[in-house]
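Trainee: Here's a sequence, model it:
(chains A and B, ligands or ions: 2)
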Amino acid sequence: MSELTLTEKEKLLAELLASINQHRFAPDVAHVEIHGNQVLNKNLVEGLIVEAETIEDGVQVHIRVKRGVALKNPVHFCFGLIPDNGVQRIVIDTVIEQGAHATFIANCTFPNAVNVRHLMNATIEIKEGASLSYFERHTHGPEGGVTIVPVTNVRVHEDGRFSTEFELIKGAAGIIELDYAAEVDANATVDMKTRIFGRASDRIHIKEAAHLAGPGSTGVLTSHIALKNTATATIENELVADAPYARGHVDCKEIVQDEAKARAIPIVQVNNHLAHVTHEAAIGSVDSKQLETLLSRGLTEDEATEMIIQGLLS
Amino acid sequence: MNLLEIKNLSLFKDNRPILNNLSMDIWAGHVHAVIGPNGAGKSTLANTIMGLSGYRDFEGDILLEGESIAPLSVDERARRGITLLFQEPARFEGLGVMSFILAGAKEKSRAVAEEALAKVGLAPEKYLMRAVDKTLSGGERKRIELASIYAMKPRLVLMDEPDSGVDIDSIKYIFSIIKELRKAGSTVVLITHSPEVLRRADHAFLICAGTLVDKGEMSRMFDYFNGKCVPCAHVGQPVEDAVAQTPAST
Ligand SMILES: Nc1ncnc2c1ncn2[C@@H]1O[C@H](COP(=O)(O)OP(=O)(O)OP(=O)(O)O)[C@@H](O)[C@H]1O
Ligand SMILES: [Mg+2]
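Mentor: Numbering: from 1, shown residues only, chains lettered A, B, ... in the order given. Ligands and ions are numbered 1, 2, ... in the order given. This is a model prediction of the structure:
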């Protein structure tokens, strides 16, 4: 992509933000907008460093929240591509320094996608006693011509906390190859959640893994997926507990309608007799008791199913 | 006037009668109680009237204002004004309390949801934003279920043990809901093991082993709770044997 003029940048920025229903930020809210391989706009706050450089098919981003800084407001990132085809590769390394706290909200928007690839390669390091809540919401067009490949490696140091939520409910998912892995030190926690609605011929593959390496570490892996039409999903959740008093839980719920297909492969492994890991999985049609409760209030089967799915994905 | 007529209703599971030739009249605007021991068939009766899956294949008939509801699905019955408070309420995943309460309400406004929650003694500001999921206690779940029924303003509500799991201080809310529903013209059927709940009814049916063994004014039915299950004297026996011994219903 060639260098954009100022008006081109402004136009793209407006389109990106409009596609996610975001129009203005208060001056004390940090935000970064990236279209394709161009940083369109950036507003930072004290204690937050974001450096970005253009690479051939995307952007390399370094994010740092300085030691002891607790960012008051969430930092908003917007990644996207307005044209109907192209590649956007985002390579990010994030460091949340000792005792710092931050919340990131990332909107990934491909409103016109017919043939778009969004490749995210992230490493995240949460230092001792620091925390990061990362929320990633995808907005896709109705055609689902998007391939999303987010690969994230997280290291949560002692007493650190990391939570992540991946949401793709609006628009067609397309092809998702999500792969998140976390290494969790002593008394640190990791909480990973995915909420996806797959339709049409969407192909969804989720891999979430947490290695509870330190004593007292905790991990929760949650996947809530609803599928209809001929969508398919494979969910692999892996939780390995090596240390005493490590605690983990895997929660995988998939509602399957029409010709859709779902597969769940939970792996829970405990290598220390003082650790404890649980797992629950439910795949199938809508729970009949939930359904009948709503039917007995007069909702039709379609309305009741819709309501139950909305709940699962909320 | 009869709102609902249950005529010679029998329901079999594994060739065993769970409901055995039951005939009952449910009078419009009245509060009826259904009492009887564990396994008598009380929940089965309610589930059959509601038309839940597994309870649709029965003998006899159920008439709503003279018209058979047997061919109707659960939601069609509900849209005719019948609803059920489940003995064990379902737990959802993520479904908001407000959406749940308003599911069957004609007017879907926050004010309606708040009023319904207040009626069951749950502070709206504390519960409205929560989900109807496993994080609610059993009693909270039951009261939210009742709130949703209150918001629906049904013509006939079957309450399967509305007081079970509800603490002693909160039972008054259950009673006031029953009173309010009746005042609004609803007909109520209370399935219960509690004399306190029975006291809120005008009239009661005693069911044992799927058979109607007694019916009458509420005040006459307390003997059952005093261990005098007349006229059938088979408490504690297996249901199959009891069916054989039970005299024809009065
Ligand atoms: N689907 C079913 N399959 C087989 N047996 C059933 C089924 N549903 C109910 N039953 C049996 O029918 C009998 C009546 O059950 P029901 O739940 O109606 O009793 P109840 O009067 O509501 O008892 P409780 O006071 O314990 O709630 C019981 O013996 C029960 O085991
Ligand atoms: Mg029962």
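Trainee: Can you mark which positions in stretch A:250-262 are buried?
Mentor: A:V250, A:D251, A:C252, A:K253, A:E254, A:I255, A:V256, A:A260, A:A262 (16 or more other CB atoms under 10 Å in any protein chain shown). C-beta: built from backbone N, CA, C; applies to glycine.
Trainee: ok, of those residues, which one's closest to A:N153?
Mentor: A:V250 (19.3 Å; CB to CB).
Trainee: So the closest one versus chain B, what's the distance?
Mentor: Look at A:V250 and chain B: by CB to the nearest CB, to the nearest Å, they are 15 Å apart.
Trainee: tell me the SS of that residue?
Mentor: strand (DSSP: H, G, I helix; E, B strand; the rest coil).
Trainee: Residue ranges in the chain under the pLDDT threshold?
Mentor: With no chain named, the answer covers chain A. A:1-2 (pLDDT under 70).
Trainee: think we crossed wires, I meant chain B
Mentor: In chain B (pLDDT under 70), the answer is B:227-250.
Trainee: ranges for the helices of it?
Mentor: B:42-50, B:74-79, B:97-102, B:110-119, B:124-127, B:138-152, B:171-183, B:195-198, B:239-245 (DSSP state H).
Trainee: How about the contacts made by whatever residue of the stretch 1-150 of chain A ends up closest to ligand 1?
Mentor: Relative to ligand 1, the nearest point of the stretch 1-150 of chain A is A:G144 (42.2 Å; CB to the nearest ligand atom). By CB atoms under 8 Å, 6 or more residues apart in numbering or on different chains, the contact set of A:G144 is A:A113, A:G171, A:A172, A:A173, A:G174, A:R199, A:A200, A:S201, A:D202.
Trainee: Let's see that with 6 Å instead.
Mentor: Going by CB atoms under 6 Å, 6 or more residues apart in numbering or on different chains, A:G144 touches A:A172, A:G174, A:A200.
Trainee: Is it possible to mark the buried ones in those residues?
Mentor: A:A172, A:G174.
Trainee: Let me know the closest of the contacts of A:G144 to ligand 1.
Mentor: A:A200 (38.0 Å).
Trainee: in stretch A:62-82, what counts as buried?
Mentor: Per 16+ other CB under 10 Å, stretch A:62-82 contains these buried residues: A:63-66, A:69, A:71, A:74-82.
Trainee: Show only the entries of these found in strands.
Mentor: A:I63, A:R64, A:V65, A:V75, A:H76, A:F77, A:C78, A:F79, A:G80 (DSSP state E).
Trainee: Once you drop chain neighbours, what's closest to the residue of the stretch 1-150 of chain A closest to ligand 1?
Mentor: If the residues on either side of it in the chain are set aside, A:G144 comes closest to A:A172, at 2.6 Å by CB to CB, 6 or more residues apart in numbering or on different chains.
Trainee: who in the stretch 51-200 of chain A is up against chain B?
Mentor: Within the stretch 51-200 of chain A, no position is near chain B by CB under 6 Å from any CB of the partner chain.
Trainee: Relative to chain B, which residue of the stretch 51-200 of chain A is the closest?
Mentor: Proximity of the stretch 51-200 of chain A to chain B (CB to the nearest CB) peaks at A:R195, 8.9 Å away.
Trainee: what do you get for the stretch 101-250 of chain A?
Mentor: Closest point on the stretch 101-250 of chain A to chain B, by CB to the nearest CB, is A:H224, at 7.1 Å.
Trainee: so that residue touches A:E254, yeah?
Mentor: No - under the criterion of CB atoms under 6 Å, A:H224 makes no contact with A:E254, lying 7.7 Å away.
Trainee: quick revisit: between the helices of chain B, which one is closest to ligand 2.
Mentor: Closest approach to ligand 2 among the helices of chain B is made by helix B:42-50 (3.1 Å; CB to the ion).
Trainee: what about the closest one, near ligand 1?
Mentor: Yes - Helix B:42-50 lies within reach of ligand 1 by CB under 6 Å from any ligand atom, at B:K42, B:S43, B:T44.
Trainee: ok, the second one - how many residues close by?
Mentor: Translated: B:S43. B:S43 has 21 neighbouring residues, counting by other CB atoms under 10 Å in any protein chain shown.
Trainee: who touches the residue located most distally from the centre of chain B in this structure?
Mentor: Within chain B, the residue lying farthest from the chain centre (CA atoms, centre = their mean) is B:E125, at 28.7 Å. By CB under 6 Å, 6+ apart, no residues touch B:E125.
Trainee: Relative to A:G47, how far out is it?
Mentor: 34 Å (CB to CB, to the nearest Å).
Trainee: Walking through chain B, point out its strands one by one.
Mentor: Here chain B has its strands, by DSSP E, at B:2-13, B:16-27, B:31-35, B:59-64, B:67-68, B:82-85, B:156-160, B:187-191, B:203-208, B:211-217.
Trainee: Indicate which one of these is closest to A:P150.
Mentor: Using CB to CB, the strands of chain B put strand B:82-85 closest to A:P150, at 44.7 Å.
Trainee: other SSEs contacting the closest one?
Mentor: Judged by 3 or more CB pairs under 6 Å, 6 or more residues apart in numbering or on different chains; DSSP states H and E, strand B:82-85 is in contact with helix B:138-152, strand B:156-160.
Trainee: Just send those back as a markdown table, with mean neighbour count too.
Mentor: Shown next, in a markdown table, are those (neighbours: other CB atoms under 10 Å in any protein chain shown):
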| stretch | mean neighbour count |
| --- | --- |
| helix B:138-152 | 24 |
| strand B:156-160 | 25 |
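Trainee: starting at the chain centroid, how far to stretch B:45-61?
Mentor: Relative to the centre of its chain, stretch B:45-61 is centred 13 Å away, using CA atoms, centre = their mean, to the nearest Å.
Trainee: List of residues touching that stretch?
Mentor: A:292, A:296, B:7-11, B:62, B:68, B:74, B:77, B:84, B:158, B:160.
Trainee: repeat for stretch B:73-80
Mentor: A:E292, A:L295, A:S296, A:R297, A:G298, A:T300, B:G51, B:I69.
Trainee: Tell me the buried residues within these.
Mentor: A:E292, A:L295, A:S296, A:R297, A:G298, B:G51, B:I69.
Trainee: Now the fourth one: closest residue in space that isn't a chain neighbour?
Mentor: The shortest distance from A:R297 to any residue other than its chain neighbours is 3.0 Å, reached at B:G104 (CB to CB, 6+ apart).
Trainee: residues touching the one you found, list them.
Mentor: Residues near B:G104 by CB under 6 Å, 6+ apart: A:R297, A:G298, B:M152.
Trainee: In terms of distance to A:V154, which of the residues you listed ranks first?
Mentor: Nearest to A:V154 among these, with distances taken as CB to CB, is A:R297, at 42.6 Å.
Trainee: Thanks a lot, see you next time.
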